[in-house]
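Novice: sequence and predicted structure, then a few things I'm wondering about:
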There are 2 protein chains.
Amino acid sequence: MAVTIYDVAKRAGVGIGTVSRVINESPQITAATKTKVLKAIKDLNYQPHALAQGLARKKTQMIAIVVPFFTGYFFNELLRGIQQEIFKYQYNLVLYNIDEGEQIDELLKKALRERRVDGALLISHQISDKIANKIKISSLPFVLVDSYHPSLDSIVVENKQGAFEATRHLIQLGHKKIGMIDGQLKSSPAKIRLEGFKQALLEYNIPFKKEYLVISDYITGQHGFNREAGYHAMKQLLKLAPNHPTAVFVSSDIQAVGAIKAIDETGLKIPQDIAIVGFDDIEIAEFLGLTTMRQPMLEMGKLAVQRLISKISNTASKDFKISFSTKLVIRNSCGALGHSRM
Amino acid sequence: MAVTIYDVAKRAGVGIGTVSRVINESPQITAATKTKVLKAIKDLNYQPHALAQGLARKKTQMIAIVVPFFTGYFFNELLRGIQQEIFKYQYNLVLYNIDEGEQIDELLKKALRERRVDGALLISHQISDKIANKIKISSLPFVLVDSYHPSLDSIVVENKQGAFEATRHLIQLGHKKIGMIDGQLKSSPAKIRLEGFKQALLEYNIPFKKEYLVISDYITGQHGFNREAGYHAMKQLLKLAPNHPTAVFVSSDIQAVGAIKAIDETGLKIPQDIAIVGFDDIEIAEFLGLTTMRQPMLEMGKLAVQRLISKISNTASKDFKISFSTKLVIRNSCGALGHSRM
DNA sequence: ATCAGTTTTGGAAGCCCTTCCATGAATTGA
DNA sequence: TCAATTCATGGAAGGGCTTCCAAAACTGAT
């Protein structure tokens, strides 16, 4: 049987309350008793039982991160930020993988009403009003990351503005036939980036052509944000030849990777024949010379943790909507640098 | 205050023991009472408190996954397998990020002696005898994935054989000047792949040249398994020109991505001037036409979870050493297919 | 030495479950 | 019909902690 607080108390010749106070660094403890207790703890190699502590304190020191898919490169970077920050606060991270918005319901029940975690970060999830309401009612600390709902804390990237700028960049390079490859619209960023795309066209008086928009969904599970989906989406655009777009805004770099391959295969040149702008600035974007919109993912992760923890400890300010802006990283794929090396 | 088992008992007009039995699907319960209790549970929207259950049952339904770094593409795929499997068993996954082997010590203390989790998966960690011993003593269920220790359960990939075959492939293509770019040797796969590399040279009577081995460590935190590190390592090899290797075995695809870039920049051609074989078969390997050793990561993840859970429930067989074999995926970068398209 | 005030300490109660044991009801057989 | 079983049920005990309250141990001034 493991050693408990009673064993420590007995060994140190004090009461359990005193031991507890030492553990929790209560100020009202004599230096002498503190030393005694500390020694006993070390002698017995005692470690408090997290569950028992959690039960008594009504705090688990755990937070949930709920992600729609794992393959995302976006998610990787975000996770790194979250992990770095969470470590500082001595919290533990529980990972949940949820694809459909409705499953959040189930999660609320399981992980949260079970009180397994003190709060949760919801990543890249489109939140319906119904779900938002349930979250509110649950009165559990929540922070949305990379998605938005008016009644919940959210940290987002300016997807609309980013998509707008990416598209505008292509327009300013002289393109008139501009396509877009997007992810499934149930993914919130996919939906919003489409809006930005459309707005740029509108503002520059370029008619939106339905056949120039391809929602990529070749395989399921990642909302179309993957390489194959991008590849097949681009194939579809290329079928429109000779009337295919001369420029394409792709809603994620990983899709762009597939799209580039598709273009490559038909013998067309990037950017001469087709210019590409992606979104995310994932690691290989630089390698590929892919022009893209960079998202400050690491920072978002850190901020999300800070906010969540301040909510958990009730020191949170009332409202919280943070919007990170994106930054256009110009490389070769858009043609702005001339036609070098692609 | 949340609703407890007492509230349910009162409402259903039964004792708490009965409610508990219903929750845990004990057989000895009348259909009638079961219905009553179930109704009360639904009426009150009752959800058992995970911590209280855990305390009473001495089981947390949580398992830890301990990874040395997050950026790894390898890890992504593995995580997917783990997640899929864990979901079936109704476990929750707690994520720990640990870089140095010695930190495992601390982890053992924190997460495990705190009994926050029922067991742990240790990913890609070099385990010293000392640590292995501590793990044994802790008597907590552990499974090593992608690393090996004689006294612990391990699931590995045949790194040595894989590296051997990758190198042999290059030898059989006629190369004599063969280099290797490896990760930090404190990473277990890095160390073992080096052995396989050396053995292949030995077997084919090619002397091992120290300057042809570069341990990549440009930035820390991922044991050299990243793009920049690969880039710089290759730069170093290229400095040996005109006596640079004509073929390089790179210990991970992501490093190979960097290496390819470095080669590209000097105007050399792959595979004509330098042939490359990687390791992992990450998503973009296909895109890049990178010849590589494929690892069955998803399967490893699933198997690891199965094994861990059977250990937790004491149904585990005595010993467990599984070795997955790798598979050479031939693409353009090695030159075996001729000199197309690179 | 005494008293009031202050600080430190011990331990019961409470957090919410599971499980075991005892109880009483139902069932069986003669 | 009654004793002997069997079986569902209630609830105390136990799991290991925190916290509150009361008691004990101080403090220093008289």
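Specialist: All right, it came through fine. Numbering: from 1, shown residues only, chains lettered A, B, ... in the order given.

Novice: part of a strand, is residue A:120?
Specialist: Yes: using DSSP: H, G, I helix; E, B strand; the rest coil, the secondary structure at residue A:120 is a strand.

Novice: pLDDT at it, what is it?
Specialist: Note for residue A:120: predicted pLDDT of 94.

Novice: from residue A:148, how far off is the nearest residue to it once chain neighbours are set aside?
Specialist: Nearest residue to residue A:120 in three dimensions, chain neighbours excluded: residue A:64, at 4.0 Å (CB to CB, 6 or more residues apart in numbering or on different chains). (C-beta placed from N, C-alpha, C; glycine too.) Computed as CB to CB, to the nearest Å, the residue A:64 to residue A:148 distance reads 19 Å.

Novice: next, count neighbours for the residue in the stretch 151-300 of chain A that DNA strand D sits nearest to.
Specialist: Proximity of the stretch 151-300 of chain A to DNA strand D (CB to the nearest atom of the strand) peaks at residue A:153, 25.8 Å away. Residue A:153: 22 surrounding residues under other CB atoms under 10 Å in any protein chain shown.

Novice: repeat that for residue A:204.
Specialist: Residue A:204: 13 surrounding residues under other CB under 10 Å.

Novice: how about the nearest residue to it once chain neighbours are set aside, what does it touch?
Specialist: In this structure, residue A:204 finds its nearest non-sequential neighbour in residue A:171, 4.9 Å apart by CB to CB, 6+ apart. By CB atoms under 8 Å, 6 or more residues apart in numbering or on different chains, residue A:171 lies in contact with A:178, A:200-201, A:204, A:206.

Novice: what's the separation between residue A:12 and residue A:39?
Specialist: Residue A:12 is 7 Å from residue A:39, by CB to CB.

Novice: nope, residue A:168 is what I meant
Specialist: 68 Å.

Novice: and the pLDDT at the residue nearest to residue A:204?
Specialist: 97.

Novice: in a helix, it, correct?
Specialist: Yes: counting by three-state DSSP, residue A:171 is located in a helix.

Novice: re the thing from before, quick one: which of residue A:12 and residue A:39 has more around it?
Specialist: Using other CB under 10 Å as the criterion, residue A:12 and residue A:39 rank with residue A:12 on top: 22 against 13.

Novice: which one is the more buried one nearest to, not counting chain neighbours?
Specialist: For residue A:12, the closest residue by CB to CB, 6+ apart turns out to be residue A:40, at 3.7 Å.

Novice: packing partners for the strand or helix carrying residue A:196?
Specialist: Per DSSP states H and E: residue A:196 is located in helix A:188-203. Under the contact definition 3 or more CB pairs under 8 Å, 6 or more residues apart in numbering or on different chains; DSSP states H and E, helix A:188-203 sits against helix A:159-172, strand A:178-182.

Novice: tell me what angle the longest one forms with helix A:188-203.
Specialist: Here helix A:159-172 runs at an angle of 40 degrees relative to helix A:188-203 (axes from the mean of the first three to the mean of the last three CA atoms, to 10 degrees).

Novice: may I see the buried residues of helix A:159-172?
Specialist: A:159-171 (16 or more other CB atoms under 10 Å in any protein chain shown).

Novice: wait, which of these is closest to chain B?
Specialist: The nearest member of these to chain B, counting by CB to the nearest CB, is residue A:166 at 21.7 Å.

Novice: excluding sequence neighbours, find me the nearest residue to that closest one.
Specialist: residue A:277 (4.6 Å).

Novice: which ones are touching the nearest residue to residue A:283 once chain neighbours are set aside?
Specialist: Closest residue in space to residue A:283, ignoring its immediate chain neighbours: residue B:227 at 5.8 Å, by CB to CB, 6+ apart. For residue B:227, the contacting residues are A:283-284, A:287, B:254-255, B:257-258, B:261, by CB under 8 Å, 6+ apart.

Novice: ok, now with 6 Å
Specialist: Neighbour list for residue B:227: A:283, B:254, B:257-258 [criterion: CB atoms under 6 Å, 6 or more residues apart in numbering or on different chains].

Novice: those residues in helices, which ones?
Specialist: Within those, residues falling in helices by DSSP state H are A:283, B:254, B:257-258.

Novice: kindly tell me how buried the residue lying closest to residue A:115 once chain neighbours are set aside is, as a neighbour count.
Specialist: Among residues not flanking residue A:115 along the chain, residue B:49 sits closest, at 5.6 Å (CB to CB, 6+ apart). Residue B:49: 20 surrounding residues under other CB under 10 Å.

Novice: now residue B:49, what are its backbone angles?
Specialist: phi -90, psi 120 (degrees, to the nearest 10).

Novice: may I see the contacts of residue B:227 organised as a markdown table, with pLDDT added?
Specialist: Formatted as a markdown table, these follow (pLDDT from 0 to 100):
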| residue | pLDDT |
| --- | --- |
| A:283 | 75 |
| B:254 | 88 |
| B:257 | 90 |
| B:258 | 91 |
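
Novice: spatially, which two of the residues you listed are the most separated?
Specialist: The two members of the contacts of residue B:227 with the most space between them (CB to CB) are A:283 and B:258, at 9.6 Å.

Novice: is the helix or strand bottoming out on mean pLDDT in chain A anywhere near chain B?
Specialist: One helix or strand of chain A scores below all others by mean pLDDT, DSSP states H and E: helix A:103-107, with a mean of 78. No: judged by CB under 6 Å from any CB of the partner chain, helix A:103-107 and chain B are separated, with a smallest distance of 10.8 Å.

Novice: okay, now the spatially closest residue to residue A:304 that is not a sequence neighbour: neighbour count?
Specialist: Spatial nearest neighbour of residue A:304, excluding adjacent residues (CB to CB, 6+ apart): residue A:145 at 4.8 Å. Residue A:145: 29 surrounding residues under other CB under 10 Å.

Novice: on that earlier part again, wait, the residue of the stretch 151-300 of chain A closest to DNA strand D sits on residue A:319?
Specialist: No: assessed by CB atoms under 6 Å, residue A:153 is found out of contact with residue A:319, at 7.7 Å.

Novice: the more surrounded of residue A:64 and residue A:148?
Specialist: Taking neighbours as other CB under 10 Å, residue A:64 and residue A:148 compare with residue A:64 leading, 22 against 18.

Novice: kindly list the main-chain dihedrals of the more buried one?
Specialist: Per degrees, to the nearest 10, the backbone of residue A:64 is at phi -100, psi 140.

Novice: and for the one 3 residues further on?
Specialist: Backbone dihedrals for residue A:67, given as degrees, to the nearest 10, come out at phi -120, psi 150.

Novice: isn't it right next to residue A:121, touching?
Specialist: No: under the criterion of CB under 6 Å, residue A:67 makes no contact with residue A:121, lying 8.8 Å away.

Novice: do stretch A:77-93 and DNA strand D meet at all?
Specialist: No: using CB under 7 Å from any atom of the strand, stretch A:77-93 never reaches DNA strand D; the gap is at least 13.3 Å.
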